[in-house]
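Participant: Attaching a predicted model along with its sequence, questions to come.
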Amino acid sequence: MVFNEFLSHISVEGWENDGVEIVLPERQLGKTLTFETTNPSILALHNSEYAERGPVISRSIEIDTELRQGDKMPFYFVIKANVGDAHAMGQKPITFLRQVIALVTHPELVQDPKFSEGVKKKALQILGDCRGESAGAYSDARGLQCIRVHVAEYIERRDGG
């Protein structure tokens, strides 16, 4: 489908075409990515889900289902040690990090008394290292200086100096 044809199917409230036409150079028309021109392996990924494989995992799913249906077993739950989703396995969110990120991305929240002084201090430190004191500004290609220093200090402590 040509891009102009695509645009004709879009309806956005408050936006009218007003005679604007986007014209693609002829040489680009043949390079348009469509379902027909996409590698079938990529399309297969689009339609697939994470596959849990193997007899142990299959049996653990069966046992978990049986437990949920009320079957009695000498245990009450299945520990899914193969899953990397810690929150799905019951780990509580790491609130401190989430709150720091919230304040860094929305600095006006620093005035909110719901956030601890430690969270505010860390967020202000990070913002102070950002150009324009905004997380939206470009940083040094190596990352923020304060973060690099903290990482180096951590590695030093971990490795014994």
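Facilitator: Now that the structure is in, tell me what you want to look at. Residues are numbered from 1 along each chain as shown.
Participant: give me every residue that touches Lys80.
Facilitator: 60, 64, 89 (CB atoms under 8 Å, 6 or more residues apart in numbering). C-betas here are computed from N, CA, C, even on glycine.
Participant: Is the second one within a helix or a strand, and which one?
Facilitator: Using DSSP states H and E, the secondary-structure element containing Asp64 is helix 55-68.
Participant: out of the contacts of Lys80, who's nearest His150?
Facilitator: Met89 (28.2 Å; CB to CB).
Participant: Might one say that Cys130 is in contact with Ser139?
Facilitator: Yes. With contacts counted by CB atoms under 8 Å, Cys130 reaches Ser139, the gap being 6.7 Å.
Participant: Looking at those two, which one has more neighbours?
Facilitator: Cys130 (17 against 13; other CB atoms under 10 Å).
Participant: Please report the distance of His150 from Lys92.
Facilitator: 23 Å (CB to CB, to the nearest Å).
Participant: who's more crowded, those two?
Facilitator: Legend: neighbour count by other CB under 10 Å for His150 and Lys92, higher for His150 (14 against 7).
Participant: Just the element for the more buried one, please.
Facilitator: helix 145-158.
Participant: so Asp140, which of the three states?
Facilitator: Under DSSP: H, G, I helix; E, B strand; the rest coil, the three-state class of Asp140 is coil.
Participant: what's the pLDDT at it?
Facilitator: pLDDT, Asp140: 89.
Participant: ditto for Pro40
Facilitator: pLDDT, read off for Pro40, is 81.
Participant: For the helix holding His150, enumerate the helices and strands it packs against.
Facilitator: helix 117-129 (3 or more CB pairs under 8 Å, 6 or more residues apart in numbering; DSSP states H and E).
Participant: buried stuff in the helix it packs on?
Facilitator: Buried residues in helix 117-129, counted by 16 or more other CB atoms under 10 Å: 119-120, 122-124, 126-127, 129.
Participant: mind putting those in CSV, pLDDT and distance to Glu36 included?
Facilitator: Shown next, in CSV, are the buried residues of helix 117-129 (pLDDT from 0 to 100; distance: CB to CB, whole Å):
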residue, pLDDT, distance to Glu36
Val119, 97, 51
Lys120, 98, 54
Lys122, 96, 51
Ala123, 97, 49
Leu124, 97, 53
Ile126, 96, 47
Leu127, 97, 48
Asp129, 95, 49
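Participant: out of those, who's nearest Phe96?
Facilitator: Using CB to CB, the buried residues of helix 117-129 come closest to Phe96 at Val119, 6.3 Å.
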